[in-house]
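Asks: model this:
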Amino acid sequence: MILLDDFLFRAALAGIGVACAAGPLGCFVVWRRMAYFGDATAHAALLGVALALAAGTPVLLGVLVAALAVAMALSARPDGAFAADTLLGVVAHAALALGLVAVSFLEGVRVDLMGYLFGDILAVTRGDLAVIWGGAILVAGLLAARWRGLMSATLSPDLASAEGINPARERIVLTIALALLVAVAIKVVGALLITAMLIVPAAAARGFARTPESMALLAAGIGAGAAVAGIAASYRLDTPAGPSIVVAAVAAFLVAAAAGPRLTEARTARSRGT
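Replies: The predicted structure is shown next:
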């Protein structure tokens, strides 16, 4: 238990916990091209913070409710005059702006905006660790339980329907998982960087993985490695922890982007040789 008294060790555990959930979930975000969707859901977190503080409820609950409400509303949007990416962009920035404005109206409440925007992983407590790992286990368990249905609905909604799988239901599962991840990850990397932890490790893993399952596991590993490397760099270089984690993940992506084509060529040559 002495190790848990070390703030760096707690920060590393928090980062690894978020990465274990964000990696597999981020794979579906990449496969389904839901980056803007994830961004809009993450930006709604700040609005949830303001509403929770105003109502005197736990911040985690406010963030979860706001993120889930925005995500469900976007999932149920009717076809209209605006393209999906345009609407998602509007909602993402509107939610962030409304959250910032709402926070400014709170009187007698001290709000660490930088912490909510960019995370404050070095201030993670034992209670925060329990929440983060509990949420991560729920997200990972939800994805594991619905893996076959999620994969079928991602590859081909029509084929999934023919197999008796409801694509709309699987999208709701992803929506719930995404909202839950946003609620537990805001303490670690903040509202502005959550989407990066979803997308960057998954994109880095894509060039090395040969199966969807291996990509999910590799994305979790890359995210965990980026969390530990980012925290170490933050401690040594006195840089912000949340952005440092994302920079480490981007570095892994650049390595993957450079090595991926060569690895693909080697696999192709090996398969031809056999």
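Asks: wait, what's in contact with the residue sitting nearest the centre point of the chain?
Replies: The centroid of the chain falls nearest to Leu198 when counting by Cα atoms, centre = their mean (3.8 Å). Contacts for Leu198 (Cβ atoms under 8 Å, 6 or more residues apart in numbering) come out as 22, 25-26, 29, 38, 181. Any C-beta I mention is one placed from the backbone N, CA and C, and that applies to glycine too.
Asks: what comes up buried for the helix or strand Leu174 falls within?
Replies: Element membership for Leu174, per DSSP states H and E: helix 167-185. Neighbour-count burial for helix 167-185, counted by 16 or more other Cβ atoms under 10 Å, picks out 167, 170-171, 173-185.
Asks: Does anything pack onto that helix? Which helices or strands?
Replies: Helix 167-185 sits against helix 7-31, helix 35-55, helix 59-75, helix 126-145, helix 147-155, helix 157-162, helix 194-206, with contacts defined as 3 or more Cβ pairs under 8 Å, 6 or more residues apart in numbering; DSSP states H and E.
Asks: out of the ones you listed, deepest packed?
Replies: Mean neighbours per residue, mean count of other Cβ atoms under 10 Å, is largest over these for helix 194-206, with a mean of 27.
Asks: Summarise which helices and strands whichever helix or strand comes after that one is packed against.
Replies: Reading on from helix 194-206 to the C-terminus, the next helix or strand found by DSSP H and E is helix 212-237. For helix 212-237, the packing partners by 3+ Cβ pairs under 8 Å, 6+ apart come out as helix 7-31, helix 194-206, helix 241-273.
Asks: Report the angle between helix 212-237 and helix 126-145.
Replies: 160 degrees (axes from the mean of the first three to the mean of the last three Cα atoms, to 10 degrees).
Asks: List the residues that contact the closest residue to Phe7 other than its chain neighbours.
Replies: Leaving aside its chain neighbours, Phe7 sits nearest to Leu122 (5.8 Å; criterion: Cβ to Cβ, 6 or more residues apart in numbering). By Cβ under 8 Å, 6+ apart, the residues touching Leu122 are 7-8, 11, 231, 234, 241.
Asks: ditto for Met34
Replies: 28, 174.
Asks: mind checking how far it is from Gly99?
Replies: Met34 is 21 Å from Gly99, where distance means Cβ to Cβ, to the nearest Å.
Asks: now swap in Pro243 and tell me
Replies: From Pro243 to Gly99 the distance is 20 Å (Cβ to Cβ).
Asks: thinking again about what came up before, what's the lowest-pLDDT member of the contacts of Leu198?
Replies: Least confident entry in those, by pLDDT: Gly38, with 81.
Asks: ok, that one touching Leu178?
Replies: Yes. At 6.2 Å, Gly38 counts as touching Leu178 under the criterion of Cβ atoms under 8 Å.
Asks: what touches both of those two?
Replies: Counting by Cβ under 8 Å, 6+ apart, the residues touching both Gly38 and Leu178 are Val29.
Asks: how deep is the closest residue to Ala54 other than its chain neighbours tucked in, by neighbour count?
Replies: Nearest non-adjacent residue to Ala54, counting by Cβ to Cβ, 6+ apart: Leu106, 6.2 Å away. Leu106 has 13 neighbours, counted by other Cβ atoms under 10 Å.
Asks: so where's the stretch 151-274 of the chain shaky on pLDDT?
Replies: Counting by pLDDT under 70, the stretch 151-274 of the chain contains low-confidence residues at 260-274.
Asks: dump the residue contacts of Pro167.
Replies: 153, 157, 160-161.
Asks: Save these as TSV, and put in distance to Ala203 too.
Replies: Output for those, formatted as TSV (distance: Cβ to Cβ, whole Å):
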residue	distance to Ala203
Ala153	21
Pro157	23
Ala160	24
Ser161	29
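Asks: now, which of these sits nearest Met215?
Replies: Within the contacts of Pro167, the smallest distance to Met215 is 17.0 Å, found for Ala153 (Cβ to Cβ).
Asks: Surely Leu98 is in contact with Gly48?
Replies: No. If you go by Cβ under 8 Å, Leu98 and Gly48 don't touch, sitting 10.7 Å apart.
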